[in-house]
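Trainee: Predicted structure and sequence below. I'll ask about it afterward.
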Amino acid sequence: MEDNTKKSKKLFIGVIVLGALLLVAILAFVFTATTMSKKVEEATLANEQLQLTNEQLQLANEYQALNTEYAQYENQSQLLVNDSLVTKYAAAKSKVEKLLQELNSEKQKSAQRIKQLQDEIGTLKNILRHYVSQIDSLGKENAGLRAENAEIKQRNQQLTTRVANETKRNEVLSERMTLAEKLNVTGVSLVALKKNGKVEKNVTKARQLDVSFTIPQNNSTPVGEKIIYLRIISPEGSLLGAGGSFSFEGGSLQCTARKTIEYSGEEIPGIHIYWDVNTTLTPGDYLVELFADNFRLASRRFTLRK
């Protein structure tokens with residue numbers, strides 16, 4: 001009986017010890033499991049944070065590249081006539097700069113915010129793509145216009161050259177025609193006369209000066225009344241007489257005497273223009289000039305002696 005009691009007591013103690021060991025094992029397992037769960041959660045969170053950091057850095061790089069592209073086309077906005085597109089571009093560029101500044105800050109962004117920024121960059125890229133497309137299109141159009149303008153300029157230059165050549169040719173022809181229409185004179189002579197009309201060999205005693213000449217036939221000269229103007233320049237260089245003035249090469253000249261003739265295109269020989277001497281003439285070389293229709297017809301020098 002006593003032996004049975006001892007056995008029962010030992011068995012009870014063994015059960016208690018075994019239960020205690022089992023409890024310790026269970027507590028140890030629970031502790032270990034809890035610790036591992038926390039480490040897993042911490043590792044997962046750290047991994048998520050690292051992934052967000054990487055996404056933020058990648059997004060920052062994309063925004064930096066986009067900002068560079070926006071800056072590249074900023075000076076070309078003057079090519080666009082679409083003011084609304086220019087305004088949208090300016091607003092988008094400003095937003096890119098603002099978001100880039102946000103991404104470059106040390107503050108960690110949430111997954112939701114990073115998703116928002118990823119969606120935003122897609123919209124901003126589309127705006128830039130449309131903007132660049134418009135600029136490229138206008139650039140090609142302007143290049144075509146420049147090429148067309150260059151071709152037009154070249155044609156205008158060629159036309160200007162042709163017109164200049166034709167103008168010069170016409171001027172030459174006109175000058176030739178004008179010269180062809182000019183009256184011609186031949187056989188110009190100057191003699192001193194006495195009071196009775198005979199030749200005076202001593203110029204100091206001359207009472208008249210006689211200039212004679214012939215107008216030959218010229219079918220190119222317009223017919224009609226012609227006024228021949230005579231200028232006699234003394235050896236001292238002064239104009240003899242006061243026969244009035246006439247127009248010549250845009251100016252006005254004084255003449256010694258004048259004579260009106262009727263020209264029909266046929267030769268007119270023996271034309272005389274007289275000037276009555278009103279002073280004592282000096283021996284020397286006298287210059288005789290004849291003018292008509294704004295042309296100098298003749299210029300000859302004659303020596304009159306004493």
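Mentor: Good, I have the coordinates. Numbers count the residues shown, from 1 in each chain.
Trainee: Tell me the spacing between residue 263 and residue 224.
Mentor: Residue 263 is 7 Å from residue 224, where distance means Cβ to Cβ, to the nearest Å. Glycine gets a C-beta too; all of them are placed from N, C-alpha and C.
Trainee: And for residue 21?
Mentor: 155 Å.
Trainee: quick one, which of residue 263 and residue 224 is more surrounded?
Mentor: A count of neighbours by other Cβ atoms under 10 Å puts residue 263 above the other of residue 263 and residue 224, at 17 against 10.
Trainee: Check the contact between residue 256 and residue 238; I expect there is one.
Mentor: No - because the distance of 10.8 Å does not satisfy Cβ atoms under 8 Å, residue 256 is recorded as not touching residue 238.
Trainee: So for the two, which sits in the more crowded spot?
Mentor: Taking residue 256 and residue 238 together and counting by other Cβ under 10 Å, residue 256 has the greater number of neighbours (21 against 8).
Trainee: tell me the contacts of that one?
Mentor: With contacts taken as Cβ atoms under 8 Å, 6 or more residues apart in numbering, residue 256 has the following neighbours: 230-232, 239-241, 243, 275.
Trainee: Can you flag which of these belong to strands?
Mentor: Judged by DSSP state E, the subset of the contacts of residue 256 located in strands is 230-232, 275.
Trainee: In a markdown table, list those residues along with pLDDT and neighbour count.
Mentor: Supplementary listing: those in a markdown table, determined by pLDDT from 0 to 100; neighbours: other Cβ atoms under 10 Å:
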| residue | pLDDT | neighbour count |
| --- | --- | --- |
| 230 | 97 | 23 |
| 231 | 97 | 23 |
| 232 | 97 | 23 |
| 275 | 97 | 17 |
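Trainee: If residue 290 is in a bridge, with which residues?
Mentor: According to DSSP bridges, residue 230, residue 298 are recorded as the beta-bridge partners of residue 290.
Trainee: what's the burial count for it?
Mentor: Counted with other Cβ under 10 Å, residues neighbouring residue 290 total 24.
Trainee: How about residue 110?
Mentor: The burial metric for residue 110, expressed as a neighbour count using other Cβ under 10 Å, is 9.
Trainee: Likewise for residue 101?
Mentor: The tally of other residues near residue 101 (other Cβ under 10 Å) stands at 12.
Trainee: Next one, pLDDT for it please.
Mentor: In this model, residue 101 is scored at 75, pLDDT.
Trainee: Helix or strand: which one has it?
Mentor: Here residue 101, judged by DSSP states H and E, is contained in helix 83-103.
Trainee: Residue 248 reaches residue 294, doesn't it?
Mentor: Yes - with contact taken as Cβ under 8 Å, residue 248 and residue 294 are classed as touching, separated by 6.1 Å.
Trainee: the more surrounded of these two?
Mentor: residue 248 (15 against 12).
Trainee: and residue 16, that one's in a helix?
Mentor: Yes - using DSSP: H, G, I helix; E, B strand; the rest coil, the secondary structure at residue 16 is a helix.
Trainee: Neighbours of it, how many?
Mentor: The number of residues packed around residue 16, counting by other Cβ under 10 Å, is 10.
Trainee: For residue 198, see how far away the closest residue to residue 242 other than its chain neighbours is.
Mentor: Computed as Cβ to Cβ, 6 or more residues apart in numbering, the closest residue to residue 242 that is not its neighbour in sequence is residue 254, at 7.0 Å. Residue 254 sits 30 Å away from residue 198, taking Cβ to Cβ as the criterion.
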